[in-house]
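1. My questions concern the predicted model and sequence given below.
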Amino acid sequence: MKKHWYDYLWIFSAAYLALGFFNILFAWIGLICFIVPLLISIIGGSKAYCNKYCGRGQLFELLGGRLGLSRKKAPPKFLRSKWFRYAFLTFFMAMFILMVYNTYLVFAGATLREAVTLLWMFKLPWQWVNTSFVAPGIAQFAFGFYGVMLTSSVLGMITMILFKPRSWCVYCPMGTMTQAICKIKYIGVGQDGKKNETDCGVA
């Protein structure tokens, strides 16, 4: 099968996680993974990002599939259930809003906390990174956002090992959000053949 440029986006995901260890400010690049999927679902009305352009999913497929790090078992039903996916999305967004609020506090004069929070509980010290050349608020957002990206990557790795390589995709908050947007657009278009619901991943 012929390879396309987007088949190598896993390199971007791996490089992003690695660069964050050397300079936390690289975390800002991760906003691409938030903005682009939303734009594709809002404008295109599909989950093309999840199905084709998600470097993280590709990375899990590489590690779990080709390298054999996955048990390749079907994920439990509750992970795929609507209540769990939307509950996890709600919790994830609450943590994201809290992160943005903490960033606001630092912009307002609070002390910069040079730590990355893993799994919303464990604070990993990150003091070796020099952030003195940017505003403390900019650095605070980087620490918080990298924590969000690292946490989701670790959760994805765990489900990759325990279940199928891309089991994270069944409850990924971004996937749930883009699917909801796509379904809303599908309902708006109606059953006139102009929109295929399978593009939303809900057929």
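-> Sure, I can see it. Values in this document were obtained by computation on a predicted structure and should not be read as measured data.
2. ok, residue 153 - contacts?
-> Residues near residue 153 by Cβ atoms under 8 Å, 6 or more residues apart in numbering: 13, 17, 56. Quick note: C-beta positions are derived from backbone N, CA and C, even for glycine.
3. After the helix or strand residue 138 falls within, which helix or strand is next?
-> Element membership of residue 138 [criterion: DSSP states H and E] is helix 136-162. With elements assigned by DSSP H and E, the helix or strand that comes after helix 136-162 is helix 173-189.
4. just checking, what packs against that next one?
-> helix 32-39, helix 82-107 (3 or more Cβ pairs under 8 Å, 6 or more residues apart in numbering; DSSP states H and E).
5. Quick one, grab the pLDDT at the nearest residue to residue 137 once chain neighbours are set aside.
-> Spatial nearest neighbour of residue 137, chain neighbours left out: residue 107 (3.5 Å); criterion: Cβ to Cβ, 6 or more residues apart in numbering. What the model reports for residue 107 is a pLDDT of 96.
6. Please name whichever of the helices and strands packed on helix 173-189 is nearest to residue 152.
-> Among the helices and strands packed on helix 173-189, helix 82-107 comes nearest to residue 152, with 7.9 Å by Cβ to Cβ.
7. how about the closest one: buried residues?
-> For helix 82-107, the neighbour count (16 or more other Cβ atoms under 10 Å) marks 84, 85, 88, 89, 92, 95, 99, 102, 103, 106 as buried.
8. what does stretch 12-25 give?
-> 12, 13, 14, 16, 17, 20, 24, 25.
9. Could you pull up the residues touching the second one?
-> It refers to residue 13. Residue 13 makes contacts with 55, 56, 58, 59, 153, as judged by Cβ under 8 Å, 6+ apart.
10. Cool, thanks, signing off.
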